[in-house]
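Undergrad: Show me how the following folds:
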Amino acid sequence: VQLVESGGGLVQPGGSLRLSCAASGFTFSDYAMSWYRQAPGKERELVASIFSAGSITNYADSVKGRFTISRDNAKNTVYLQMISLKPEDTAVYYCYAQSAVRGWHDYWGQGTQVTVSS
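TA: Sure, this is the predicted structure:
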């Protein structure tokens, strides 16, 4: 099982980034996918989630209207489009997969750094 994040980097305030998380080793369409983030000295927090069919999404209040989560089940990939980035969005962003189909299973990616700074 692998979750491999990509797309992080350094961006100026007000800029945009798109994170990707490529999944392998499990039935991607059975899993709800989420993005979490963890800033230095802070707890990991949920940023956005998308259910397996992609029709239901949830967002943290701090990112509503700026971040969009989406998924492509044919490509086994989940995305996080981030616009109007702020310095407080700086964190390591993690991909997370969870499913209760055929028992509980969950997996984490290794994380990708997003730094918002001028």
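
Undergrad: which residues touch the residue nearest the centre of the chain?
TA: Among the residues of the chain, the one closest to the centroid is residue 35, at 2.6 Å (C-alpha atoms, centre = their mean). Applying C-beta atoms under 8 Å, 6 or more residues apart in numbering to residue 35 gives the contacts 19, 21, 46-49, 69, 78, 80, 93-96. To be clear about C-beta, it is placed using only N, CA and C from the backbone, and glycine gets the same treatment.

Undergrad: Okay, and it sits in which element?
TA: Using DSSP states H and E, residue 35 maps to strand 32-38.

Undergrad: now residue 13
TA: Applying DSSP H and E, one finds residue 13 in no helix or strand.

Undergrad: Now do it: how many residues are near it, please.
TA: 13 (other C-beta atoms under 10 Å).

Undergrad: for the one 4 residues further on, same thing?
TA: Summarising burial for residue 17: neighbours were counted as other C-beta under 10 Å, giving 21.

Undergrad: partners of it in the sheet?
TA: Residue 17 has these beta-bridge partners by DSSP bridges: residue 82.

Undergrad: wouldn't it be in contact with residue 6 here?
TA: No. Here residue 17 lies out of contact with residue 6, judged by C-beta atoms under 8 Å, at a distance of 10.6 Å.

Undergrad: All the strands of this protein, residue numbers only.
TA: 2-6, 9-11, 17-24, 32-38, 45-50, 57-59, 67-72, 77-82, 91-99, 105-108, 112-116 (DSSP state E).
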